[in-house]
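**Student:** Structure for this input, please:
(2 chains)
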Amino acid sequence: MNGEESMEYNLKAIASQIEAIEEGAKKLKELAPGFETVDRNAEAILAFVYILKKNVSDLID
Amino acid sequence: MEENRKYWNPVVETLPRERLLEIELRRFRELLQWAKEKSPFYKRKLQGIEPEDIKTFEDVAKVPMTEKDELREAQEGKEPYLYGDLLAVPPEKLSIFHQTSGTTGKPVFIPDTYESWQLVVEMWCYILYAAGFRSTDRVFLPFVYNVYIAFWQGHYAAEKLGCEVVPGGGLETKARIQKMKDIQATASMNTPTYGLHMVEVAKEMGIDPRKDLYVKRMICAGEPMPESTRLRLEEEWGADVYDHIGGTEPGGWAGMCSEKQGMHVVEPYFLHEMVDLETMTKPVSPGVKGVAVITPLCRRCTPLIRFNLKDVMMVRQDPCLCGRTSIRVDQVGGRVDDLRKIRGVFFSPGIVEEVIRGQFPEVVEFETLLTQEEVMPVLTLRVEFDPSIGEGQFKELRSRIRERLKIRSNLTFEIESVKPGGLPRYTLKSSRFKDLTKK
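**Tutor:** As a prediction, the model looks like this:
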(Lines give C-alpha, C1' and ligand atoms only; values in the text may rest on other atoms or scores of the structure.)
Protein backbone atom coordinates (compact mmCIF):
# COMPACT_ATOMS: atom_id res chain seq x y z
CA MET A 1 0.00 0.00 0.00
CA ASN A 2 1.15 3.54 -0.56
CA GLY A 3 0.67 7.00 0.91
CA GLU A 4 -2.68 7.40 2.57
CA GLU A 5 -3.42 3.72 2.14
CA SER A 6 -0.69 2.69 4.55
CA MET A 7 -2.64 4.47 7.31
CA GLU A 8 -3.89 2.24 10.06
CA TYR A 9 -7.63 2.50 10.34
CA ASN A 10 -9.38 2.11 13.66
CA LEU A 11 -11.88 -0.46 12.47
CA LYS A 12 -13.47 -0.87 15.87
CA ALA A 13 -14.23 2.86 16.08
CA ILE A 14 -15.63 2.83 12.53
CA ALA A 15 -17.76 -0.23 13.32
CA SER A 16 -19.05 1.41 16.44
CA GLN A 17 -20.18 4.49 14.46
CA ILE A 18 -21.84 2.23 11.87
CA GLU A 19 -23.77 0.59 14.70
CA ALA A 20 -24.80 3.99 16.05
CA ILE A 21 -26.14 4.96 12.60
CA GLU A 22 -28.04 1.68 12.42
CA GLU A 23 -29.60 2.26 15.80
CA GLY A 24 -30.46 5.84 14.81
CA ALA A 25 -32.13 4.75 11.57
CA LYS A 26 -34.14 2.05 13.35
CA LYS A 27 -35.18 4.58 15.97
CA LEU A 28 -36.34 6.95 13.21
CA LYS A 29 -38.57 4.22 11.82
CA GLU A 30 -40.03 3.53 15.26
CA LEU A 31 -40.73 7.21 15.87
CA ALA A 32 -42.51 7.75 12.59
CA PRO A 33 -44.89 4.91 11.71
CA GLY A 34 -46.73 5.77 8.49
CA PHE A 35 -44.57 8.87 7.99
CA GLU A 36 -43.44 7.76 4.51
CA THR A 37 -40.55 10.12 3.92
CA VAL A 38 -38.97 9.34 7.27
CA ASP A 39 -39.59 5.64 6.92
CA ARG A 40 -38.25 5.30 3.36
CA ASN A 41 -35.19 7.44 3.92
CA ALA A 42 -34.39 5.54 7.11
CA GLU A 43 -34.79 2.31 5.13
CA ALA A 44 -32.30 3.64 2.54
CA ILE A 45 -29.85 4.47 5.33
CA LEU A 46 -30.18 0.89 6.59
CA ALA A 47 -29.33 -0.42 3.11
CA PHE A 48 -26.07 1.51 3.19
CA VAL A 49 -25.48 0.41 6.77
CA TYR A 50 -25.68 -3.19 5.56
CA ILE A 51 -22.95 -2.46 3.00
CA LEU A 52 -20.78 -0.66 5.55
CA LYS A 53 -21.11 -3.61 7.88
CA LYS A 54 -20.02 -6.01 5.14
CA ASN A 55 -17.18 -3.68 4.17
CA VAL A 56 -15.88 -2.95 7.65
CA SER A 57 -17.61 -4.34 10.75
CA ASP A 58 -17.69 -7.88 9.40
CA LEU A 59 -13.88 -7.95 9.10
CA ILE A 60 -13.31 -7.59 12.82
CA ASP A 61 -12.75 -10.82 14.75
CA MET B 1 -4.38 12.74 -4.14
CA GLU B 2 -7.43 10.66 -5.12
CA GLU B 3 -5.77 9.73 -8.42
CA ASN B 4 -2.93 8.04 -6.49
CA ARG B 5 -5.17 5.93 -4.31
CA LYS B 6 -5.31 2.34 -5.42
CA TYR B 7 -8.12 0.74 -3.49
CA TRP B 8 -11.83 1.30 -3.04
CA ASN B 9 -11.49 -0.56 0.26
CA PRO B 10 -7.84 -0.56 1.37
CA VAL B 11 -8.58 -2.92 4.25
CA VAL B 12 -10.51 -5.68 2.54
CA GLU B 13 -8.58 -5.62 -0.73
CA THR B 14 -5.26 -6.31 1.02
CA LEU B 15 -6.41 -8.83 3.62
CA PRO B 16 -4.24 -11.96 3.85
CA ARG B 17 -5.70 -14.79 1.76
CA GLU B 18 -6.36 -17.04 4.72
CA ARG B 19 -8.43 -14.27 6.34
CA LEU B 20 -10.40 -13.75 3.13
CA LEU B 21 -11.13 -17.46 2.95
CA GLU B 22 -12.21 -17.55 6.59
CA ILE B 23 -14.69 -14.74 5.95
CA GLU B 24 -15.97 -16.41 2.77
CA LEU B 25 -16.58 -19.68 4.56
CA ARG B 26 -18.47 -17.93 7.36
CA ARG B 27 -20.52 -15.90 4.87
CA PHE B 28 -21.29 -19.06 2.91
CA ARG B 29 -22.76 -20.64 6.05
CA GLU B 30 -24.78 -17.49 6.77
CA LEU B 31 -26.11 -17.47 3.20
CA LEU B 32 -27.12 -21.14 3.43
CA GLN B 33 -29.01 -20.40 6.62
CA TRP B 34 -30.76 -17.40 5.05
CA ALA B 35 -31.63 -19.25 1.84
CA LYS B 36 -33.01 -22.28 3.67
CA GLU B 37 -35.20 -20.09 5.85
CA LYS B 38 -36.40 -17.57 3.27
CA SER B 39 -36.41 -19.13 -0.19
CA PRO B 40 -38.80 -22.07 -0.77
CA PHE B 41 -36.62 -23.14 -3.72
CA TYR B 42 -33.54 -23.52 -1.53
CA LYS B 43 -35.53 -24.96 1.36
CA ARG B 44 -36.30 -27.89 -0.98
CA LYS B 45 -32.92 -28.02 -2.66
CA LEU B 46 -30.86 -27.89 0.53
CA GLN B 47 -32.78 -30.48 2.49
CA GLY B 48 -30.36 -32.46 4.65
CA ILE B 49 -27.63 -29.83 4.40
CA GLU B 50 -26.94 -27.98 7.61
CA PRO B 51 -24.93 -24.74 7.54
CA GLU B 52 -23.01 -25.67 10.70
CA ASP B 53 -21.69 -28.77 8.91
CA ILE B 54 -19.86 -26.59 6.37
CA LYS B 55 -16.48 -26.28 8.03
CA THR B 56 -14.09 -26.50 5.08
CA PHE B 57 -14.05 -25.81 1.34
CA GLU B 58 -14.30 -29.55 0.78
CA ASP B 59 -17.64 -29.33 2.61
CA VAL B 60 -18.70 -26.46 0.33
CA ALA B 61 -18.16 -28.74 -2.67
CA LYS B 62 -20.74 -31.17 -1.23
CA VAL B 63 -23.51 -28.55 -1.52
CA PRO B 64 -25.36 -29.07 -4.82
CA MET B 65 -24.72 -26.54 -7.57
CA THR B 66 -27.48 -24.34 -8.93
CA GLU B 67 -28.04 -24.57 -12.68
CA LYS B 68 -29.66 -21.92 -14.84
CA ASP B 69 -32.45 -24.29 -15.88
CA GLU B 70 -33.39 -24.70 -12.21
CA LEU B 71 -33.86 -20.94 -11.94
CA ARG B 72 -36.19 -21.05 -14.95
CA GLU B 73 -38.16 -23.92 -13.40
CA ALA B 74 -38.33 -22.10 -10.06
CA GLN B 75 -40.00 -19.15 -11.81
CA GLU B 76 -42.17 -20.80 -14.45
CA GLY B 77 -45.79 -20.72 -13.29
CA LYS B 78 -44.83 -20.27 -9.64
CA GLU B 79 -45.96 -17.66 -7.15
CA PRO B 80 -45.19 -14.86 -6.55
CA TYR B 81 -45.63 -14.04 -10.23
CA LEU B 82 -42.43 -13.49 -12.23
CA TYR B 83 -39.94 -14.60 -9.60
CA GLY B 84 -41.46 -17.77 -8.20
CA ASP B 85 -40.13 -19.47 -5.14
CA LEU B 86 -36.52 -18.45 -5.62
CA LEU B 87 -37.33 -15.14 -3.96
CA ALA B 88 -36.20 -14.74 -0.35
CA VAL B 89 -37.99 -11.49 0.49
CA PRO B 90 -41.65 -10.37 0.36
CA PRO B 91 -42.49 -9.02 -3.15
CA GLU B 92 -43.37 -5.57 -1.74
CA LYS B 93 -39.72 -5.16 -0.76
CA LEU B 94 -38.58 -5.31 -4.41
CA SER B 95 -37.39 -2.13 -6.05
CA ILE B 96 -35.78 -3.05 -9.37
CA PHE B 97 -36.19 -5.63 -12.13
CA HIS B 98 -33.61 -7.11 -14.49
CA GLN B 99 -33.59 -10.12 -16.74
CA THR B 100 -31.09 -12.26 -18.59
CA SER B 101 -30.77 -11.78 -22.34
CA GLY B 102 -32.28 -15.19 -23.09
CA THR B 103 -29.34 -16.20 -25.31
CA THR B 104 -29.38 -19.72 -23.86
CA GLY B 105 -33.14 -20.13 -23.39
CA LYS B 106 -36.09 -18.48 -21.71
CA PRO B 107 -34.98 -15.34 -19.84
CA VAL B 108 -34.53 -15.51 -16.07
CA PHE B 109 -35.91 -12.59 -14.04
CA ILE B 110 -33.71 -11.28 -11.26
CA PRO B 111 -35.13 -8.60 -8.98
CA ASP B 112 -33.42 -6.67 -6.20
CA THR B 113 -34.53 -4.91 -3.07
CA TYR B 114 -33.13 -1.44 -2.48
CA GLU B 115 -30.55 -3.04 -0.17
CA SER B 116 -29.45 -5.81 -2.53
CA TRP B 117 -29.32 -3.38 -5.45
CA GLN B 118 -27.04 -1.06 -3.50
CA LEU B 119 -24.84 -4.04 -2.75
CA VAL B 120 -24.70 -5.02 -6.42
CA VAL B 121 -23.72 -1.43 -7.26
CA GLU B 122 -21.06 -1.49 -4.54
CA MET B 123 -19.47 -4.55 -6.21
CA TRP B 124 -19.09 -2.51 -9.40
CA CYS B 125 -17.50 0.30 -7.36
CA TYR B 126 -14.70 -2.14 -6.54
CA ILE B 127 -14.43 -3.01 -10.25
CA LEU B 128 -14.47 0.58 -11.54
CA TYR B 129 -12.05 1.85 -8.91
CA ALA B 130 -9.56 -0.91 -9.78
CA ALA B 131 -9.90 0.17 -13.43
CA GLY B 132 -8.89 3.71 -12.51
CA PHE B 133 -12.30 5.42 -12.64
CA ARG B 134 -12.26 8.47 -10.34
CA SER B 135 -14.45 11.41 -9.40
CA THR B 136 -12.66 13.53 -12.02
CA ASP B 137 -14.06 11.35 -14.83
CA ARG B 138 -16.95 12.25 -17.07
CA VAL B 139 -18.29 8.83 -18.01
CA PHE B 140 -20.32 8.28 -21.16
CA LEU B 141 -22.52 5.19 -21.54
CA PRO B 142 -23.44 4.79 -25.21
CA PHE B 143 -26.42 2.50 -24.56
CA VAL B 144 -30.10 2.16 -23.96
CA TYR B 145 -29.75 0.10 -20.78
CA ASN B 146 -33.11 -1.59 -21.13
CA VAL B 147 -33.83 -4.50 -18.74
CA TYR B 148 -30.22 -5.70 -18.67
CA ILE B 149 -28.17 -5.23 -15.56
CA ALA B 150 -24.63 -4.42 -16.70
CA PHE B 151 -24.86 -0.77 -17.66
CA TRP B 152 -27.32 0.10 -14.89
CA GLN B 153 -24.81 -1.31 -12.45
CA GLY B 154 -22.02 0.62 -14.13
CA HIS B 155 -24.06 3.82 -14.21
CA TYR B 156 -24.88 3.81 -10.51
CA ALA B 157 -21.42 2.66 -9.45
CA ALA B 158 -19.77 5.46 -11.43
CA GLU B 159 -22.18 7.90 -9.82
CA LYS B 160 -21.30 6.53 -6.37
CA LEU B 161 -17.60 6.92 -7.14
CA GLY B 162 -18.33 10.57 -7.72
CA CYS B 163 -17.92 10.50 -11.51
CA GLU B 164 -20.15 12.64 -13.68
CA VAL B 165 -22.32 10.16 -15.56
CA VAL B 166 -23.75 10.88 -19.00
CA PRO B 167 -26.33 8.33 -20.23
CA GLY B 168 -26.01 8.04 -24.00
CA GLY B 169 -29.09 5.99 -24.87
CA GLY B 170 -31.65 7.04 -27.45
CA LEU B 171 -29.04 8.27 -29.91
CA GLU B 172 -27.60 6.71 -33.04
CA THR B 173 -23.90 5.96 -33.13
CA LYS B 174 -22.85 9.15 -34.96
CA ALA B 175 -24.72 11.31 -32.47
CA ARG B 176 -23.13 9.42 -29.60
CA ILE B 177 -19.64 10.00 -30.96
CA GLN B 178 -20.41 13.67 -31.45
CA LYS B 179 -21.74 13.85 -27.89
CA MET B 180 -18.59 12.20 -26.53
CA LYS B 181 -16.57 14.83 -28.37
CA ASP B 182 -18.72 17.77 -27.32
CA ILE B 183 -18.80 16.90 -23.63
CA GLN B 184 -15.16 15.73 -23.63
CA ALA B 185 -16.02 12.38 -22.04
CA THR B 186 -12.94 10.93 -20.34
CA ALA B 187 -14.30 7.41 -19.86
CA SER B 188 -16.70 5.03 -21.52
CA MET B 189 -18.52 1.79 -20.74
CA ASN B 190 -19.51 -0.37 -23.68
CA THR B 191 -19.42 -3.83 -25.15
CA PRO B 192 -16.12 -4.63 -26.91
CA THR B 193 -18.03 -5.03 -30.16
CA TYR B 194 -19.64 -1.62 -29.88
CA GLY B 195 -16.28 -0.08 -28.93
CA LEU B 196 -14.91 -1.27 -32.27
CA HIS B 197 -18.06 -0.26 -34.13
CA MET B 198 -17.78 3.29 -32.74
CA VAL B 199 -14.22 3.46 -34.12
CA GLU B 200 -15.50 2.43 -37.56
CA VAL B 201 -18.25 5.08 -37.49
CA ALA B 202 -15.96 7.78 -36.02
CA LYS B 203 -13.55 7.27 -38.90
CA GLU B 204 -16.40 7.67 -41.40
CA MET B 205 -17.12 10.99 -39.66
CA GLY B 206 -13.49 12.06 -40.02
CA ILE B 207 -12.92 11.64 -36.27
CA ASP B 208 -9.87 9.80 -34.98
CA PRO B 209 -10.78 8.58 -31.47
CA ARG B 210 -7.12 8.74 -30.43
CA LYS B 211 -6.68 12.40 -31.36
CA ASP B 212 -10.12 13.95 -31.51
CA LEU B 213 -11.83 12.35 -28.49
CA TYR B 214 -10.81 12.52 -24.82
CA VAL B 215 -11.51 8.97 -23.64
CA LYS B 216 -8.68 7.80 -21.40
CA ARG B 217 -10.25 4.65 -19.98
CA MET B 218 -12.90 2.23 -21.08
CA ILE B 219 -14.51 -0.68 -19.30
CA CYS B 220 -16.15 -3.40 -21.33
CA ALA B 221 -19.21 -5.42 -20.39
CA GLY B 222 -21.80 -7.62 -22.02
CA GLU B 223 -19.64 -10.20 -23.80
CA PRO B 224 -16.32 -11.99 -23.35
CA MET B 225 -13.32 -10.06 -24.66
CA PRO B 226 -10.23 -11.90 -25.91
CA GLU B 227 -6.95 -10.16 -25.10
CA SER B 228 -6.43 -9.41 -28.81
CA THR B 229 -9.71 -7.47 -28.90
CA ARG B 230 -8.78 -5.55 -25.74
CA LEU B 231 -5.40 -4.59 -27.24
CA ARG B 232 -7.04 -3.54 -30.48
CA LEU B 233 -9.48 -1.31 -28.58
CA GLU B 234 -6.55 0.25 -26.69
CA GLU B 235 -4.78 0.91 -29.97
CA GLU B 236 -7.82 2.38 -31.72
CA TRP B 237 -8.96 4.53 -28.79
CA GLY B 238 -5.55 5.44 -27.36
CA ALA B 239 -7.08 4.55 -23.99
CA ASP B 240 -6.65 2.03 -21.18
CA VAL B 241 -9.22 -0.69 -21.77
CA TYR B 242 -10.35 -2.96 -18.94
CA ASP B 243 -12.42 -6.10 -18.85
CA HIS B 244 -14.77 -7.32 -16.17
CA ILE B 245 -16.88 -10.43 -15.59
CA GLY B 246 -20.47 -10.37 -14.51
CA GLY B 247 -23.94 -11.57 -15.29
CA THR B 248 -27.51 -10.84 -14.39
CA GLU B 249 -27.74 -13.59 -11.79
CA PRO B 250 -24.56 -12.91 -9.78
CA GLY B 251 -24.02 -9.27 -10.84
CA GLY B 252 -20.50 -8.07 -11.66
CA TRP B 253 -17.98 -10.17 -9.74
CA ALA B 254 -14.48 -9.67 -11.16
CA GLY B 255 -12.53 -6.90 -12.82
CA MET B 256 -9.12 -5.92 -14.15
CA CYS B 257 -6.73 -3.71 -12.20
CA SER B 258 -4.08 -1.41 -13.69
CA GLU B 259 -1.79 -4.42 -14.25
CA LYS B 260 -4.31 -5.82 -16.76
CA GLN B 261 -3.26 -9.38 -15.98
CA GLY B 262 -6.47 -11.28 -15.42
CA MET B 263 -9.47 -10.19 -13.40
CA HIS B 264 -9.63 -9.91 -9.61
CA VAL B 265 -12.58 -11.67 -8.03
CA VAL B 266 -14.33 -9.24 -5.65
CA GLU B 267 -13.58 -11.21 -2.49
CA PRO B 268 -14.88 -11.85 0.14
CA TYR B 269 -18.24 -10.90 -1.40
CA PHE B 270 -18.09 -13.80 -3.85
CA LEU B 271 -16.96 -17.35 -3.37
CA HIS B 272 -15.33 -18.50 -6.59
CA GLU B 273 -14.73 -22.16 -7.38
CA MET B 274 -13.45 -23.99 -10.45
CA VAL B 275 -14.55 -27.46 -11.50
CA ASP B 276 -13.36 -29.72 -14.31
CA LEU B 277 -14.68 -29.37 -17.85
CA GLU B 278 -15.82 -32.97 -18.31
CA THR B 279 -17.82 -33.83 -15.21
CA MET B 280 -18.23 -30.30 -13.78
CA THR B 281 -17.86 -31.74 -10.29
CA LYS B 282 -14.17 -32.12 -9.44
CA PRO B 283 -12.20 -29.09 -8.30
CA VAL B 284 -9.35 -28.00 -10.61
CA SER B 285 -6.09 -26.35 -9.61
CA PRO B 286 -4.90 -22.89 -10.61
CA GLY B 287 -3.44 -22.86 -14.11
CA VAL B 288 -5.86 -25.53 -15.34
CA LYS B 289 -8.89 -24.71 -17.49
CA GLY B 290 -12.20 -25.35 -15.80
CA VAL B 291 -15.74 -24.15 -15.40
CA ALA B 292 -16.42 -21.29 -12.99
CA VAL B 293 -18.90 -21.67 -10.14
CA ILE B 294 -19.83 -18.54 -8.21
CA THR B 295 -21.70 -17.72 -5.01
CA PRO B 296 -22.61 -14.09 -4.30
CA LEU B 297 -22.25 -14.18 -0.53
CA CYS B 298 -24.11 -11.07 0.58
CA ARG B 299 -26.98 -10.53 -1.90
CA ARG B 300 -29.98 -11.70 0.08
CA CYS B 301 -32.93 -10.91 -2.20
CA THR B 302 -32.44 -13.79 -4.63
CA PRO B 303 -29.83 -16.06 -3.09
CA LEU B 304 -27.68 -17.99 -5.50
CA ILE B 305 -25.66 -20.86 -4.14
CA ARG B 306 -22.85 -22.41 -6.18
CA PHE B 307 -24.19 -21.09 -9.47
CA ASN B 308 -22.70 -22.93 -12.43
CA LEU B 309 -21.71 -20.18 -14.84
CA LYS B 310 -20.65 -22.64 -17.55
CA ASP B 311 -17.89 -20.22 -18.53
CA VAL B 312 -14.48 -21.69 -19.22
CA MET B 313 -11.87 -19.93 -17.10
CA MET B 314 -8.49 -20.37 -15.51
CA VAL B 315 -7.26 -19.10 -12.14
CA ARG B 316 -3.86 -17.40 -12.00
CA GLN B 317 -1.48 -18.52 -9.32
CA ASP B 318 0.95 -15.64 -8.98
CA PRO B 319 0.26 -12.66 -6.70
CA CYS B 320 -0.68 -9.44 -8.47
CA LEU B 321 1.70 -6.47 -8.45
CA CYS B 322 -1.21 -4.17 -7.60
CA GLY B 323 -1.20 -5.53 -4.03
CA ARG B 324 -4.73 -6.92 -4.08
CA THR B 325 -4.82 -10.33 -2.45
CA SER B 326 -7.91 -11.62 -4.24
CA ILE B 327 -7.52 -14.38 -6.79
CA ARG B 328 -7.44 -13.51 -10.48
CA VAL B 329 -9.17 -15.33 -13.32
CA ASP B 330 -8.92 -15.29 -17.09
CA GLN B 331 -11.81 -16.03 -19.39
CA VAL B 332 -10.12 -18.47 -21.71
CA GLY B 333 -12.57 -20.44 -23.74
CA GLY B 334 -16.05 -18.96 -23.96
CA ARG B 335 -19.02 -20.92 -22.70
CA VAL B 336 -19.15 -24.66 -22.27
CA ASP B 337 -22.41 -24.57 -24.26
CA ASP B 338 -20.51 -23.14 -27.25
CA LEU B 339 -17.81 -25.82 -27.29
CA ARG B 340 -18.18 -28.15 -30.28
CA LYS B 341 -16.33 -31.30 -31.17
CA ILE B 342 -15.61 -30.99 -34.88
CA ARG B 343 -13.74 -33.72 -36.70
CA GLY B 344 -12.49 -34.93 -33.32
CA VAL B 345 -11.19 -31.51 -32.27
CA PHE B 346 -12.68 -29.30 -29.52
CA PHE B 347 -13.58 -25.95 -31.09
CA SER B 348 -14.44 -22.78 -29.20
CA PRO B 349 -15.77 -19.85 -31.30
CA GLY B 350 -13.67 -17.49 -29.17
CA ILE B 351 -10.59 -18.72 -31.05
CA VAL B 352 -11.82 -17.03 -34.23
CA GLU B 353 -12.20 -13.66 -32.51
CA GLU B 354 -8.77 -14.03 -30.91
CA VAL B 355 -7.14 -14.62 -34.33
CA ILE B 356 -9.12 -12.04 -36.28
CA ARG B 357 -8.89 -9.19 -33.77
CA GLY B 358 -5.26 -9.95 -32.99
CA GLN B 359 -3.87 -10.42 -36.48
CA PHE B 360 -6.21 -8.95 -39.08
CA PRO B 361 -6.96 -5.24 -38.60
CA GLU B 362 -8.26 -5.34 -42.21
CA VAL B 363 -11.33 -7.24 -40.98
CA VAL B 364 -14.16 -5.00 -39.81
CA GLU B 365 -16.71 -7.68 -38.94
CA PHE B 366 -17.00 -11.45 -39.14
CA GLU B 367 -19.20 -14.43 -38.35
CA THR B 368 -18.61 -18.15 -38.13
CA LEU B 369 -21.12 -20.66 -39.45
CA LEU B 370 -21.16 -24.35 -38.65
CA THR B 371 -23.04 -26.41 -41.22
CA GLN B 372 -23.29 -30.06 -42.12
CA GLU B 373 -22.57 -31.25 -45.65
CA GLU B 374 -23.54 -34.90 -45.91
CA VAL B 375 -21.61 -36.38 -42.99
CA MET B 376 -18.96 -33.68 -42.72
CA PRO B 377 -19.29 -30.63 -40.49
CA VAL B 378 -18.11 -27.48 -42.28
CA LEU B 379 -16.85 -24.29 -40.67
CA THR B 380 -17.26 -21.15 -42.76
CA LEU B 381 -15.88 -17.79 -41.75
CA ARG B 382 -17.64 -14.86 -43.40
CA VAL B 383 -15.48 -11.73 -43.29
CA GLU B 384 -16.17 -8.13 -44.08
CA PHE B 385 -13.03 -6.21 -45.01
CA ASP B 386 -12.40 -2.53 -44.40
CA PRO B 387 -13.71 -0.63 -47.45
CA SER B 388 -10.20 0.76 -48.03
CA ILE B 389 -8.97 -2.75 -48.87
CA GLY B 390 -8.95 -3.38 -52.59
CA GLU B 391 -10.62 -6.54 -53.92
CA GLY B 392 -7.23 -7.51 -55.34
CA GLN B 393 -6.02 -8.17 -51.78
CA PHE B 394 -8.99 -10.35 -50.80
CA LYS B 395 -7.54 -13.59 -52.12
CA GLU B 396 -4.25 -13.21 -50.27
CA LEU B 397 -6.01 -12.14 -47.06
CA ARG B 398 -8.46 -15.05 -47.20
CA SER B 399 -5.61 -17.47 -47.63
CA ARG B 400 -3.66 -15.96 -44.70
CA ILE B 401 -6.75 -16.06 -42.45
CA ARG B 402 -7.35 -19.71 -43.35
CA GLU B 403 -3.73 -20.54 -42.56
CA ARG B 404 -3.70 -18.75 -39.17
CA LEU B 405 -6.99 -20.31 -38.13
CA LYS B 406 -5.71 -23.74 -39.09
CA ILE B 407 -2.60 -23.22 -36.94
CA ARG B 408 -4.64 -21.98 -33.97
CA SER B 409 -7.56 -24.41 -34.09
CA ASN B 410 -6.29 -27.38 -36.08
CA LEU B 411 -9.41 -27.05 -38.21
CA THR B 412 -9.89 -26.00 -41.84
CA PHE B 413 -12.20 -23.07 -42.51
CA GLU B 414 -13.93 -21.98 -45.70
CA ILE B 415 -13.40 -18.22 -45.97
CA GLU B 416 -16.01 -16.09 -47.67
CA SER B 417 -15.86 -12.31 -48.15
CA VAL B 418 -18.99 -10.24 -47.65
CA LYS B 419 -19.65 -6.78 -49.11
CA PRO B 420 -19.20 -3.74 -46.77
CA GLY B 421 -22.08 -3.47 -44.32
CA GLY B 422 -23.21 -7.01 -45.15
CA LEU B 423 -22.76 -8.43 -41.65
CA PRO B 424 -24.80 -7.45 -38.59
CA ARG B 425 -23.44 -4.95 -36.05
CA TYR B 426 -24.08 -5.55 -32.38
CA THR B 427 -24.45 -3.18 -29.46
CA LEU B 428 -25.14 -5.65 -26.66
CA LYS B 429 -24.39 -9.35 -26.81
CA SER B 430 -22.82 -10.25 -30.14
CA SER B 431 -23.75 -13.46 -31.87
CA ARG B 432 -20.90 -14.23 -34.25
CA PHE B 433 -21.18 -18.00 -34.09
CA LYS B 434 -24.14 -19.73 -35.69
CA ASP B 435 -24.54 -23.46 -35.40
CA LEU B 436 -26.81 -24.31 -38.34
CA THR B 437 -26.53 -28.04 -37.73
CA LYS B 438 -29.02 -27.68 -34.85
CA LYS B 439 -32.67 -28.00 -35.81
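
**Student:** Could you use CA atoms for every contact and neighbour count after this?
**Tutor:** Will do.

**Student:** Just after the helix or strand containing residue B:228, pick out the following helix or strand.
**Tutor:** Per DSSP states H and E: residue B:228 is located in helix B:227-237. Going down the chain from helix B:227-237, the next helix or strand is strand B:240-245, by DSSP H and E.

**Student:** Quick one: name whatever helix or strand follows that following strand.
**Tutor:** Counting by DSSP H and E, the element after strand B:240-245 in chain order, helix or strand, is strand B:254-255.

**Student:** That next one pairs with which strands?
**Tutor:** With DSSP bridges as the test, strand B:254-255 is paired with strand B:240-245 (antiparallel), strand B:263-265 (antiparallel).

**Student:** mind listing what's buried in the helix holding residue B:228?
**Tutor:** Within helix B:227-237, the residues scored as buried using 16 or more other CA atoms under 10 Å in any protein chain shown are B:227-234, B:236-237.

**Student:** Also stretch B:26-36?
**Tutor:** Within stretch B:26-36, judged by 16+ other CA under 10 Å, the buried ones are B:26-29, B:31-36.

**Student:** Can you report how many residues lie near residue 16?
**Tutor:** Chain wasn't specified; assuming chain A. Residues lying near residue A:16 (other CA atoms under 10 Å in any protein chain shown) number 12.

**Student:** Can you look at chain B instead?
**Tutor:** Other residues close to residue B:16 by other CA under 10 Å number 12.

**Student:** Likewise for residue B:263?
**Tutor:** 26.

**Student:** could you say which helix or strand contains the closest residue to chain B within chain A?
**Tutor:** Of all residues in chain A, residue A:47 sits closest to chain B, at 4.4 Å by CA to the nearest CA. Taking DSSP H and E as the criterion, residue A:47 maps to helix A:36-55.

**Student:** what comes up buried for that helix?
**Tutor:** Neighbour counts over helix A:36-55 (16+ other CA under 10 Å) mark A:38-39, A:42-55 as buried.

**Student:** Can you list the helices and strands that that helix packs against?
**Tutor:** helix A:11-31, helix B:114-130 (3 or more CA pairs under 8 Å, 6 or more residues apart in numbering or on different chains; DSSP states H and E).

**Student:** Quick check: what element follows the shortest one along the chain?
**Tutor:** Spelled out, that is helix B:114-130. Scanning forward in sequence from helix B:114-130 by DSSP H and E, the next helix or strand is strand B:138-141.

**Student:** Show the average pLDDT along that following strand.
**Tutor:** Average pLDDT, strand B:138-141: 98.

**Student:** Could you list the paired strands of it along with their orientation?
**Tutor:** By DSSP bridges, strand B:138-141 pairs with strand B:164-167 (parallel), strand B:187-190 (parallel).

**Student:** give me every residue that touches residue B:225.
**Tutor:** B:192, B:243 (CA atoms under 8 Å, 6 or more residues apart in numbering or on different chains).

**Student:** hmm, 10 Å instead?
**Tutor:** B:191-193, B:231, B:242-245, B:331-332, B:334, B:350, B:353-354 (CA atoms under 10 Å, 6 or more residues apart in numbering or on different chains).

**Student:** picking that back up, the buried residues of stretch B:26-36 also near chain A: which ones?
**Tutor:** The subset of those within reach of chain A, by CA under 10 Å from any CA of the partner chain, is residue B:27.

**Student:** Which of the buried residues of stretch B:26-36 fall in strands?
**Tutor:** Within the buried residues of stretch B:26-36, no residue falls in strands by DSSP state E.

**Student:** Max pairwise distance over the buried residues of stretch B:26-36: which two?
**Tutor:** Farthest-apart pair in the buried residues of stretch B:26-36 is B:26 and B:36; separation 15.6 Å (CA to CA).

**Student:** Can you give me the end-to-end span of stretch A:52-61?
**Tutor:** Chord length of stretch A:52-61, first to last residue, is 16 Å (CA to CA, to the nearest Å).

**Student:** what's the answer for stretch B:320-332, then?
**Tutor:** 19 Å.

**Student:** distance between it and the chain's centre?
**Tutor:** Computed by CA atoms, centre = their mean, to the nearest Å, the chain-centroid distance of stretch B:320-332 equals 16 Å.

**Student:** mean confidence for that stretch?
**Tutor:** Computed over stretch B:320-332, the mean pLDDT rounds to 94.

**Student:** which parts of that stretch are buried?
**Tutor:** B:320, B:324-332.

**Student:** Kindly report the same for stretch B:51-62.
**Tutor:** Applying 16+ other CA under 10 Å to stretch B:51-62 flags B:51, B:54, B:60-61 as buried.

**Student:** now the buried residues of stretch B:26-36 in JSON lines, with pLDDT?
**Tutor:** As requested, those are arranged in JSON lines below (pLDDT from 0 to 100):
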{"residue": "B:26", "pLDDT": "97"}
{"residue": "B:27", "pLDDT": "98"}
{"residue": "B:28", "pLDDT": "98"}
{"residue": "B:29", "pLDDT": "98"}
{"residue": "B:31", "pLDDT": "98"}
{"residue": "B:32", "pLDDT": "98"}
{"residue": "B:33", "pLDDT": "97"}
{"residue": "B:34", "pLDDT": "97"}
{"residue": "B:35", "pLDDT": "97"}
{"residue": "B:36", "pLDDT": "97"}
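
**Student:** Quick check: of the buried residues of stretch B:26-36, which lies closest to residue B:80?
**Tutor:** residue B:35 (16.5 Å).

**Student:** and the end-to-end length of stretch B:246-259?
**Tutor:** Using CA to CA, the end-to-end distance of stretch B:246-259 comes out at 20 Å.

**Student:** next one: stretch B:332-346
**Tutor:** 14 Å.

**Student:** Give me every residue in the stretch 1-150 of chain B lying close to chain A.
**Tutor:** So far as CA under 10 Å from any CA goes, the stretch 1-150 of chain B lies against chain A at B:1-2, B:4-7, B:9-12, B:14-15, B:19-20, B:23, B:27, B:113-120, B:122.

**Student:** hmm, try it at 7 Å
**Tutor:** B:10, B:114-115, B:119 (CA under 7 Å from any CA of the partner chain).

**Student:** where's the closest residue to residue B:317 other than its chain neighbours relative to residue B:275, distance?
**Tutor:** Using CA to CA, 6 or more residues apart in numbering or on different chains and skipping residues adjacent in sequence, the residue nearest residue B:317 is residue B:286, 5.7 Å away. Per CA to CA, residue B:286 is found 11 Å from residue B:275.

**Student:** Those two: who's more crowded?
**Tutor:** Taking other CA under 10 Å, residue B:286 and residue B:275 do not tie; residue B:275 has more neighbours (23 against 17).

**Student:** For the more buried one, give me the pLDDT.
**Tutor:** pLDDT, residue B:275: 96.

**Student:** Same check on the one 5 residues further on?
**Tutor:** In this model, residue B:280 is scored at 88, pLDDT.

**Student:** Give me the phi and psi for it.
**Tutor:** Residue B:280 adopts backbone torsions of phi 50, psi 40, taken as degrees, to the nearest 10.
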